[in-house]
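# A structural model of the following input is requested.
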Amino acid sequence: MNKVILMGRLTRDPEMRQTTSGIAVCSFSIAVNRRFAKDGQQNADFINCTAWRQQAEFICKYFHKGSMMALVGSLQSRSWDGQDGKKQYATDVVVEEVHFTGSKQESGTAGGAGDYQMVQPSPASDNAFGDIDSMGFQTIEGSEDDLPF
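Numbering: from 1, shown residues only. Here you go, the predicted structure:
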């Protein structure tokens with residue numbers, strides 16, 4: 001089983017690229033605090049992550065440096081020969097799911113993302129939920145205080 005669950009803050013703005021075949025790929029790193037502080041000092045691990053296709057577009061649209069996020073993915077190792085001829089290794093988390101964490105102010109997400117919820121329209125009815133943007137979000141009327149969670 002290869003499953004990773006992390007929660008942390010983006011260390012830099014996500015970088016969006018496209019493969020030669022036009023597939024979106026987003027690279028970023030998150031700082032994840034270690035469970036225990038040593039001598040009262042909190043330590044963090046800096047984890048490199050890669051997201052593909054719609055996840056990549058979603059992350060680049062709604063998250064920026066300092067944003068808090070939770071993600072689920074898997075570890076993937078890769079290797080290559082460096083310019084000096086030595087074998088180089090890297091391990092990344094390949095993102096499968098990403099979630100907002102905390103309130104709008106705490107998460108630091110862009111575009112008022114706290115005012116949206118993810119919805120999946122049924123295939124039989126394209127507009128069953130009203131106005132849904134290209135990322136599958138629908139505007140919620142009212143304030144955050146009205147939400148049941």
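# Show me the strands in the chain, by range?
Ranges of strands in the chain, per DSSP state E, are 4-10, 15-18, 24-33, 44-52, 68-81, 87-100, 116-118, 137-139.
# Against residue 10, how distant is the residue lying closest to residue 12 once chain neighbours are set aside?
Nearest residue to residue 12, sequence neighbours excluded (C-beta to C-beta, 6 or more residues apart in numbering): residue 65, at 5.3 Å. Every C-beta, even on glycine, is put in place using the N, C-alpha and C of the backbone. Distance of residue 65 to residue 10, computed by C-beta to C-beta, to the nearest Å: 5 Å.
# Looking at those two, which is more packed in?
Set residue 65 next to residue 10 and count neighbours by other C-beta atoms under 10 Å: residue 10 wins out with 20 against 12.
# what is that one paired to in the beta sheet?
residue 30 (DSSP bridges).
# That one against residue 62, yeah?
No - taking contacts as C-beta atoms under 8 Å, residue 10 lies outside contact range of residue 62: 11.0 Å.
# what's the closest of the strands of the chain to residue 58?
strand 87-100 (6.6 Å; C-beta to C-beta).
# Comparing the strands of the chain, which comes out most buried?
Sort the strands of the chain by mean neighbour count, taking mean count of other C-beta atoms under 10 Å, and strand 24-33 sits at the top with a mean of 18.
# what helices or strands is it leaning on?
With contacts defined as 3 or more C-beta pairs under 8 Å, 6 or more residues apart in numbering; DSSP states H and E, strand 24-33 has these neighbours: strand 4-10, strand 15-18, strand 44-52, helix 53-62.
# Please name the strands paired to the second one in the sheet, noting orientation.
Strands that pair with strand 15-18, judged by DSSP bridges, come out as strand 24-33 (antiparallel).
# what is the rounded mean pLDDT of the partner strand?
Average pLDDT, strand 24-33: 96.
# what does stretch 69-80 give?
The model assigns stretch 69-80 a mean pLDDT of 95.
# So what touches it?
With C-beta atoms under 8 Å, 6 or more residues apart in numbering as the test, stretch 69-80 has contacts from 2-10, 30, 49-50, 59, 63, 87-101, 107.
# circling back to that earlier point, quick check: the gap between the residue nearest to residue 12 and residue 51.
Applying C-beta to C-beta, the value for residue 65 to residue 51 is 16 Å.
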